[in-house]
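Asker: structure for this input, please:
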Amino acid sequence: MPTATATHAPVTPTDRQRDLARVQRLARLLDTRYGIPGTRLRFGLDSIIGLVPGVGDTAMLLPSVWMMAVAHKHGVPTSTLVKMAGNAGIDWAVGSVPVVGDVFDLFFKSHRRNAALLAEALGQPAQGG
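Answerer: Predicted coordinates:
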């Protein structure tokens, strides 16, 4: 009896652009969507959800895992995936510390960093702001 083999359609340049744009939009929403008036500080849903003790920062690992899955789908080097995982891990570990982690989230934008790493690995310009 023949066995079924999984076949995957090749990733096209259009797929690459679309996926990168999705990652960049999500990163902006999570890290820099809102600004604090009178300052240059920006924050996103990651900072807001991270205020929930225990579960907030852990929940924010899910978008990071999705970004790494997109990166893997596009064949980015393992070294880039390791850097992305490191950014997510730092954000989770420090972000889990009450008060300190909340302040840390204002400055360490792990999702934006990971979107920039993906853009660089795909030979695309990183999105600003």
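
Asker: spit out the contact partners of the residue nearest the centre of the chain.
Answerer: By CA atoms, centre = their mean, the chain has its centre lying nearest to H111, at 3.1 Å. The contact partners of H111, taken as CB atoms under 8 Å, 6 or more residues apart in numbering, are 26-27, 30-31, 44, 46, 63-64, 67. For every residue, glycine as well, the C-beta is placed using N, CA and C.

Asker: give me the subset of the residues you listed lying in strands.
Answerer: Nothing among the contacts of H111 maps onto strands, per DSSP state E.

Asker: which of the residues you listed sits closest to K73?
Answerer: For the contacts of H111, the residue nearest K73 by CB to CB is M67; the value is 10.6 Å.

Asker: who touches the closest one in this structure?
Answerer: If you count contacts by CB under 8 Å, 6+ apart, M67 has them with 23, 26-27, 84, 111, 114-115, 118.

Asker: again, but for L118
Answerer: For L118, the contact set (CB under 8 Å, 6+ apart) comprises 20, 23, 67, 70-71, 74, 76, 80, 84.

Asker: same check on S47?
Answerer: S47 makes contacts with 31, 102, 105-106, as judged by CB under 8 Å, 6+ apart.

Asker: now the buried members of the residues you listed.
Answerer: Neighbour-count burial (16 or more other CB atoms under 10 Å) is assigned, among these, to 31, 102, 105.

Asker: my guess is the first one contacts F43. True?
Answerer: Think D31. Yes: shown here, D31 and F43 form a contact pair, counting by CB atoms under 8 Å, at 7.4 Å.

Asker: thanks again, I'm all set now.
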